[in-house]
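Colleague: Return atomic coordinates for the entry below.
(2 chains)
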There are 2 protein chains.
Amino acid sequence: LDHHETDRVYALVEPLHPADIADLFELIEPDYRAELARAITDLLGSDVMAEMNDWVRDDLVEELDPDEVAELAEQMETDDAVALIEDLDAKDRAAVLAEMEPTERAAIESALAHPHESAGRLMSREFISVPEHWTVGELTDYLGRKSDLPTEFWEVFIVDERHHPVGTCALSWILRTPRNVALSDVMKRDQTLIPVTMDQEEVALRFQKYALISAAVVDPAGRLVGQITVDDVVHIIQEEAGEDALLLSGAGDGDINEPLPRTIRTRMLWLFVNLGTAILASSVVALFEGTIARLVTLAVLMPIVTGMGGNAATQTMTVTVRALATNQLTSSNTWRMIVREWWIASANGLGLGALMALGCQLVYHDWWLSFVLLLAMVLNSLNAGLSGVLIPIVLDRLRIDPAVTSTVFVTTMTDTFGFFFLGLAELFALH
Amino acid sequence: LDHHETDRVYALVEPLHPADIADLFELIEPDYRAELARAITDLLGSDVMAEMNDWVRDDLVEELDPDEVAELAEQMETDDAVALIEDLDAKDRAAVLAEMEPTERAAIESALAHPHESAGRLMSREFISVPEHWTVGELTDYLGRKSDLPTEFWEVFIVDERHHPVGTCALSWILRTPRNVALSDVMKRDQTLIPVTMDQEEVALRFQKYALISAAVVDPAGRLVGQITVDDVVHIIQEEAGEDALLLSGAGDGDINEPLPRTIRTRMLWLFVNLGTAILASSVVALFEGTIARLVTLAVLMPIVTGMGGNAATQTMTVTVRALATNQLTSSNTWRMIVREWWIASANGLGLGALMALGCQLVYHDWWLSFVLLLAMVLNSLNAGLSGVLIPIVLDRLRIDPAVTSTVFVTTMTDTFGFFFLGLAELFALH
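Modeller: Numbers count the residues shown, from 1 in each chain, chains lettered A, B, ... in the order given. Below you'll find the predicted structure:
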């Protein structure tokens, strides 16, 4: 289709939703993206850019002039404009900001002053705040009169004279309440305030826990400075929750639109670190070379002990990392969780160890070997279960993201101990 | 604190948000839960129950009489009431339904008629729908007059005379528009409709993609039958995204409040299946027992080849499973993804294989052995990369959830081929 038939392409793309146009850019071959962009320039609005994958958008933005980017950014809400501009390098960013209207520029510059992935970056500066002495009627008149309202809002924030939020009022309550009632009588006083410095992951958890539609963002002095709405939080929830699987596997942010060299670098670094643990495991095997030479069967049984340990550890580790990420695991139930995993590891180690020992006995008719296999599997299962639960918890206490680092430590534990137990048990059996 | 000082407990719990009370139940020791419930009976409203973990709630509900459960369910919105009742066994469910008001019962029974995890179960039957010929003023008067409005709503649905949705109108637009304007002139015609049969995962993706706050649910005849609001979708997004990590690791739904025997059963089943792949791998090793007996070093190098393969496969598999789950990977870019993973696997296999071969040469001074190690690592890296991307894609095409089943197949591929390559290459080197 992209053989210069610009009009047909335009006609096909025009009826699509902005989010679908953004998807289209992600799905077509990277080489065609610039051509598609040229064919549908006037459909390529701020909505489309806001929905686009970061890497795909960066590619496109690099093809545009600073004044074109500035024009797009001015049409967007502050939070989307910040997302567009924050990924540019310092020079391009300055060029784009220089082309913008002073008020828009000031808003974006103040957002960029907040740390990456904080509530300050995420919030929109367009929101409705009114004094608490107003009545519902005054608010309704004000909304009808005001022309530069944010495109969409779901709650009105009520503030005191120091601009501190004192309550919120859902639009549905305003519509149901007679005009003469005071706002302070319908508003909900008990609201969830988000400090500008809060990490976006924590913001997402608050939205989810309290089922929020929008929330007031306050500066350190407690003044209302912005609002975060749930539609901006939804993809953070999705990303943060999906991120753990990718981080545990060492695939970085796992974005399939990321440039290839960058992906190779991320993944190779991880494999390189894990080669370290494999070398450690292999040097434990080297310790028992003599034993293996006498009984090659041990080399055959090795994958069973380490495989079972690795799988059991991954289960426990994943559950622990998820429970930490969702705040379900806190200091008050840590001990209960450890005891729980101890029981699971004992049951699985005994059950599957006994099964394998029986199988080993049937194949090799060697009671000692079967006993050694059972012992190795029970001990490695306990080792796997306890490493899987303790390592993420300890890393979390040390303020290291357990999703990023747990796997290496846990694999080291199960691999080296898996081999060590087998060798040790064999030495003990040879006596 | 729970030493029968009921009043103090009550005073401490009273100021908490319902979601925090629900958390409290999850965090305290299971034995104390019933006692806590008795101490704060009148705080234990429908909000608290709706926010509580499924397992913890089930425990509590079992302690209550059917009429108490029915009373709680009647206070809830239909979707939360359904969540409360659907987990009960058939007898208890019938007993609870019998105690409920006929209209509430009918609503819940019709929700239960929809399949588990479908939009029909998720939707709320309380929503605002008005005919398209109304003006903004008529709508405002209607909302002010109507007493049994849903507790919270964010959009009004506009329907034609056959009750088919024709547009939506955000409350903020209604508040900004003069009373005499017709609804058909302010409403958004282009809306995302959710069929009652749609799976909740798909619903969550729609909400996320189109940044929805609420959406109309339609029956197969296209009539408006309910609404889904974003606050109900937020935890589905979180669960579905986090679920992949847990499913890939074989930890089931990984809920730390799940009863222990059930968790042990789920995890043991997975480990049992994976023992099968370990036995397969170990039987490949057994094929080369003779070779290993002559050169025990091969047993030492084994963990390096299989470890690297396993880690590389996990990276690719996790990225592919996530890309499939988020609809980023579709038939149009499948081939690009496979080629991409082929390049990543080649680069990593050659880079790390060369490094290990060099190390092997320095330790063992054996050119043949180093060459064999390089060859094994390159081939196993390609095997890992291609299995990691192809297996989830094929499973997805066969409509099997790739998150649940990929790991077993991918592990089998990397383990057996890792050993097979090593043995094969060695045979070739011995000539």
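
Colleague: drop to CA atoms for contacts and neighbour counts, all remaining ones
Modeller: Noted.

Colleague: give me the element the spatially most central residue of chain A is part of.
Modeller: Centroid-nearest residue in chain A: A:Glu240, 1.8 Å away (criterion: Cα atoms, centre = their mean). Secondary structure from DSSP states H and E places A:Glu240 in helix A:230-249.

Colleague: right, and the helix or strand after that helix?
Modeller: helix A:260-287.

Colleague: list the helices and strands that following helix packs on?
Modeller: For helix A:260-287, the contact count by 3 or more Cα pairs under 8 Å, 6 or more residues apart in numbering or on different chains; DSSP states H and E identifies helix A:402-430, helix B:297-325, helix B:334-364 as packing neighbours.

Colleague: Dump the ones you listed to CSV, plus mean pLDDT.
Modeller: Shown next, in CSV, are those (pLDDT from 0 to 100):
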stretch, mean pLDDT
helix A:402-430, 79
helix B:297-325, 88
helix B:334-364, 92
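
Colleague: Looking at these, which one is packed in the most?
Modeller: Counting by mean count of other Cα atoms under 10 Å in any protein chain shown, helix B:297-325 has the highest mean neighbour count of those, with a mean of 25.

Colleague: what residues does the stretch 51-200 of chain A put near chain B?
Modeller: Taking Cα under 8 Å from any Cα of the partner chain as the contact definition, the stretch 51-200 of chain A meets chain B at A:51, A:140, A:143-145, A:152-154, A:170-172, A:175-178.

Colleague: re earlier: would you list the helices and strands packed on helix A:260-287 in a markdown table and tack on distance to B:Glu68?
Modeller: Formatted as a markdown table, those follow (distance: least, Cα to Cα, whole Å):
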| stretch | distance to B:Glu68 |
| --- | --- |
| helix A:402-430 | 42 |
| helix B:297-325 | 40 |
| helix B:334-364 | 53 |
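
Colleague: A:Tyr10 is nearest to which of the ones you listed?
Modeller: When the helices and strands packed on helix A:260-287 are compared by Cα to Cα, helix B:334-364 sits nearest A:Tyr10, at 24.8 Å.

Colleague: Could you identify the most distant pair in the residues of the stretch 51-200 of chain A next to chain B?
Modeller: A:Glu51 and A:Pro178, at 39.4 Å, using Cα to Cα across these.

Colleague: quick one: contacts of stretch A:290-306?
Modeller: A:373, A:376-377, A:380, A:414-415, A:418-419, A:422-423, A:426-427, B:275, B:278-279, B:281-283, B:285-286, B:289, B:292-293, B:296, B:299 (Cα atoms under 8 Å, 6 or more residues apart in numbering or on different chains).

Colleague: Check stretch A:245-262 too.
Modeller: Counting by Cα under 8 Å, 6+ apart, A:26, A:53, A:55-56, A:243, A:263, A:266-267, A:270, A:318, A:403-407, B:242, B:244-246, B:311, B:314-316, B:318-319, B:323, B:337, B:340, B:344 sit against stretch A:245-262.

Colleague: Have a look at A:Glu51 and A:Pro178 and say which one is more surrounded.
Modeller: A:Glu51 (19 against 14; other Cα atoms under 10 Å in any protein chain shown).

Colleague: Return the distance of the more buried one relative to B:Ile194.
Modeller: To B:Ile194, A:Glu51 is 21 Å away according to Cα to Cα, to the nearest Å.

Colleague: try A:Ile213
Modeller: Counting by Cα to Cα, the gap from A:Ile213 to B:Ile194 is 20 Å.

Colleague: okay, these two: which has more neighbours?
Modeller: Counted by other Cα under 10 Å, A:Ile213 and B:Ile194 do not tie: B:Ile194 has more neighbours, with 25 against 21.

Colleague: From chain A, how far off is the closest residue to the more buried one other than its chain neighbours?
Modeller: Of all residues not flanking B:Ile194 in the chain, B:Val217 sits nearest, at 4.7 Å (Cα to Cα, 6 or more residues apart in numbering or on different chains). B:Val217 sits 19 Å away from chain A, going by Cα to the nearest Cα, to the nearest Å.

Colleague: List the residues that contact B:Val217.
Modeller: B:Ala119, B:Gly120, B:Met123, B:Leu193, B:Ile194, B:Pro195, B:Val196, B:Leu224, B:Val225, B:Gly226, B:Gln227, B:Ile228.

Colleague: Can I take it that it is in a strand?
Modeller: Yes. The assignment for B:Val217 (DSSP: H, G, I helix; E, B strand; the rest coil) places it in a strand.

Colleague: so A:Gly226 sits in a strand?
Modeller: Yes. Counting by three-state DSSP, A:Gly226 is found in a strand.

Colleague: hang on, isn't it packed against A:Leu122?
Modeller: No. Counting by Cα atoms under 8 Å, A:Gly226 stays clear of A:Leu122, with 9.4 Å between them.

Colleague: Comparing the two, which shows the higher neighbour count?
Modeller: A:Leu122 (27 against 22).

Colleague: so what pLDDT did the more buried one get?
Modeller: With respect to pLDDT, A:Leu122 scores 85.

Colleague: Check the one 5 residues further on too.
Modeller: For A:Phe127, the model assigns a pLDDT of 85.

Colleague: That one and chain B: what is the separation?
Modeller: Look at A:Phe127 and chain B: by Cα to the nearest Cα, they are 12 Å apart.

Colleague: what's the answer for A:Thr78, then?
Modeller: Applying Cα to the nearest Cα to A:Thr78 and chain B gives a distance of 16 Å.

Colleague: cool, and A:Gly353?
Modeller: For A:Gly353, the distance to chain B - Cα to the nearest Cα - is 10 Å.

Colleague: Show me chain A divided up by domain.
Modeller: Each domain of chain A is listed here as a residue range: A:6-116, A:129-245, A:259-430, per automatic domain parsing.

Colleague: Does A:Pro18 touch A:Met52 like I think?
Modeller: No. Judged on Cα under 8 Å, A:Pro18 makes no contact with A:Met52 at a distance of 9.3 Å.

Colleague: quick revisit: could I get the average pLDDT for the helix holding A:Glu240?
Modeller: Rounded mean pLDDT across helix A:230-249 is 81.

Colleague: Mind listing what's buried along it?
Modeller: A:230-249 (16 or more other Cα atoms under 10 Å in any protein chain shown).

Colleague: Show me what the helix or strand hosting A:Val394 is packed against.
Modeller: Taking DSSP H and E as the definition, one finds A:Val394 inside helix A:367-397. Here helix A:367-397 touches helix A:297-325, helix A:334-364, helix A:402-430, going by 3+ Cα pairs under 8 Å, 6+ apart.

Colleague: Now do that helix and helix A:334-364, the angle between them.
Modeller: 160 degrees (axes from the mean of the first three to the mean of the last three Cα atoms, to 10 degrees).

Colleague: Neighbours of the closest residue to chain B within the stretch 1-150 of chain A, how many?
Modeller: Nearest residue of the stretch 1-150 of chain A to chain B: A:Gly144, at 4.3 Å (Cα to the nearest Cα). Neighbour count for A:Gly144, taken as other Cα under 10 Å: 17.

Colleague: if we can go back for a sec, okay but the residue nearest to the centre of chain A is in contact with A:Val203, surely?
Modeller: No. Here A:Glu240 does not reach A:Val203: they are 11.2 Å apart, not a contact under Cα under 8 Å.

Colleague: if I've got this straight, A:Glu152 is in a helix?
Modeller: No. A:Glu152: not assigned to a helix; according to three-state DSSP it is coil.

Colleague: Where does A:Gln328 sit: helix, strand or coil?
Modeller: Assignment for A:Gln328 (three-state DSSP): coil.

Colleague: Tell me the confidence at it?
Modeller: So A:Gln328 comes in at 84 (pLDDT).

Colleague: and A:Ala221, what is it in contact with?
Modeller: Counting by Cα under 8 Å, 6+ apart, A:Ala221 has no contacts.

Colleague: what do you get if the cut-off is 10 Å, keeping everything else the same?
Modeller: A:Arg162, A:His164, A:Pro195 (Cα atoms under 10 Å, 6 or more residues apart in numbering or on different chains).
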